[in-house]
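Participant: could you look at this predicted model? Sequence included:
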Amino acid sequence: MKEFLKRVAVAVFGIPIIVYLTYRGGWFWFALILIISTVGHWEFYRMQKQNNRYPQDITGLLIGILVLLGVQTGKWLEVGLVLAFGLMFILAVEMWRKDLKAGINIGITILGIIYIPIFLSCLLYVRSYIDSLFPALPKAGFKFVMTIMVCIWVVDTFAYIFGSLLGKHKLFIKVSPNKSIEGAIFGFIGGVLIFIAADQLEIVPLGNSLSLIFGIILGSVSQIGDLVESWFKRDGNAKDSSAIFPGQGGMLDIFDGLIYTSPLVLIMTYLLLG
């Protein structure tokens, strides 16, 4: 119960800030994504160092920031150049480092860039893209992105609560021994209900079929994102990605599902709505 109350306290403080920045859009939305990405990116490299792996963290963080900035300003050629020259720099610098695990260090540095800032850049683009798809719907991008966030938050919360109360069958012991099949099922149901409710209340009027598709896919895949982050923590001998948020852990612990589903959200938006 103590852990749950801490989670609630963090939510009460953090949710208004997230809603405000998302509502304002533009550079406010960029600031939110930038904070989530940079802190989460740092946490990822930090976990790797706990397992005696040494990514080029400063270079990786800088490339991630520049990629997000390029997407925000629509400088697609510059984004490609940053990634190309960034990789060249990472390869060259690694030769001069004393640690002999060159392939591992380079791989982890690149993985951090792809997994967090590049994934989140998809969501950065989605908000403005939805505004252009639904010009007659006020604040369409805000409503759509918030529905996604609420969906993932409900999936995580339902899985935690019902898993704690009813969980008897382990979901994936190798990756996360505390997660249960019962929790995953209720989390999935919660995610589907959020999209159905958003459609019925005309917050995001996608129609019954598309709402069900979005709910089913995000309700499932966001939980895979949670497992992936748990896997990284287990691999890095870490209980949480960091201790920034009491009862919640770090930025990756809170936004793992959102990060993992961001490319999928962009793909579904383009194929189903675009």
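Facilitator: Structure's in. What do you need? Numbering: from 1, shown residues only.

Participant: dump the C-alpha coordinates for the strand or helix carrying Ile113 into CSV.
Facilitator: If you go by DSSP states H and E, Ile113 is part of helix 102-113. Output in CSV follows, covering the C-alpha atoms of helix 102-113 (Å, rounded to 0.1, in the frame of the first residue of the first chain):
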residue,chain,number,x,y,z
ALA,A,102,34.7,-2.0,-28.3
GLY,A,103,31.8,-3.8,-30.0
ILE,A,104,29.7,-3.9,-26.9
ASN,A,105,30.4,-0.3,-26.0
ILE,A,106,29.6,0.9,-29.5
GLY,A,107,26.5,-1.3,-29.7
ILE,A,108,25.1,0.0,-26.4
THR,A,109,25.8,3.6,-27.4
ILE,A,110,23.9,3.2,-30.6
LEU,A,111,21.1,1.2,-29.0
GLY,A,112,20.5,3.9,-26.5
ILE,A,113,20.1,6.5,-29.3
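
Participant: and that helix, which residues are buried?
Facilitator: 104-106, 108-113 (16 or more other CB atoms under 10 Å). Using the backbone N, CA and C atoms, a C-beta is placed for each residue, glycine as well.

Participant: ok, stretch 163-180 next?
Facilitator: In stretch 163-180, counting by 16+ other CB under 10 Å, buried: 163, 167, 171-172, 175-176, 179-180.

Participant: please apply the same query to stretch 255-268.
Facilitator: 255-266, 268.

Participant: who are the contact partners of the closest residue to Lys239 other than its chain neighbours?
Facilitator: The shortest distance from Lys239 to any non-neighbouring residue, by CB to CB, 6 or more residues apart in numbering, is to Lys233 (7.0 Å). Going by CB atoms under 8 Å, 6 or more residues apart in numbering, Lys233 touches 47, 239-241.

Participant: any idea how far Ser242 is from Lys233?
Facilitator: Here the criterion is CB to CB, to the nearest Å. By it, Lys233 lies 10 Å from Ser242.

Participant: inside helices: which ones of the buried residues of stretch 255-268?
Facilitator: Within these, membership in helices is found for 255-266, 268, as judged by DSSP state H.
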